[in-house]
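> this one's structure only:
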């Protein structure tokens, strides 16, 4: 239904409007910035994967906007958060945060972030039949 697609587009735009230049959102867009703040690479890859879904459902002129936004976010996350240089790391992306107020799992790899990173890369490579 168009109302759901419109809502998804508004949500994606809000996310992009609040995304910092480096492509790595804080755990909460409204929280005041502080030293050692929790970042959220997993939110960014979830958003990127969602934007690739939106790109499949909108006219071609609009699709490019969402695809380019998703690609740019994934590229920045790969460069800033990728663990490719750390043989001891088991996750794909650093800088995910589960619960910053309780200081639980702050700025670490998150399994769901890794999942959506893999999903988004598959979408960029043209795979539409994914994992679920």
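Cool, the structure landed. Bear in mind the structure is a predicted one, so any value in this text is a computation, not a measurement.

> just for this protein, where's the confidence low?
Residues of the chain meeting the criterion pLDDT under 70: 130-132.

> what residues does the longest helix belonging to it touch?
Under DSSP state H, the helix in the chain containing the largest number of residues is helix 60-81. The contact list for helix 60-81, computed with Cβ atoms under 8 Å, 6 or more residues apart in numbering, reads 12, 16, 19, 22-24, 41, 44-45, 47-49, 51-52, 54-56, 58, 93-95, 117, 120-121, 124. Quick note: C-beta positions are derived from backbone N, CA and C, even for glycine.

> so what does whichever strand or helix holds residue 55 touch, helix or strand wise?
In the assignment (DSSP states H and E), residue 55 maps to helix 41-57. In terms of contacts (3 or more Cβ pairs under 8 Å, 6 or more residues apart in numbering; DSSP states H and E), helix 41-57 is packed against helix 2-18, helix 60-81, helix 111-124.

> Could you export those helices as TSV, including distance to residue 99 and mean neighbour count?
TSV is the format used below for the helices and strands packed on helix 41-57 (distance: least, Cβ to Cβ, whole Å; neighbours: other Cβ atoms under 10 Å):
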stretch	distance to residue 99	mean neighbour count
helix 2-18	20	13
helix 60-81	19	17
helix 111-124	14	19
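
> what would those look like in a markdown table with distance to residue 87?
Formatted as a markdown table, the helices and strands packed on helix 41-57 follow (distance: least, Cβ to Cβ, whole Å):
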| stretch | distance to residue 87 |
| --- | --- |
| helix 2-18 | 33 |
| helix 60-81 | 16 |
| helix 111-124 | 16 |
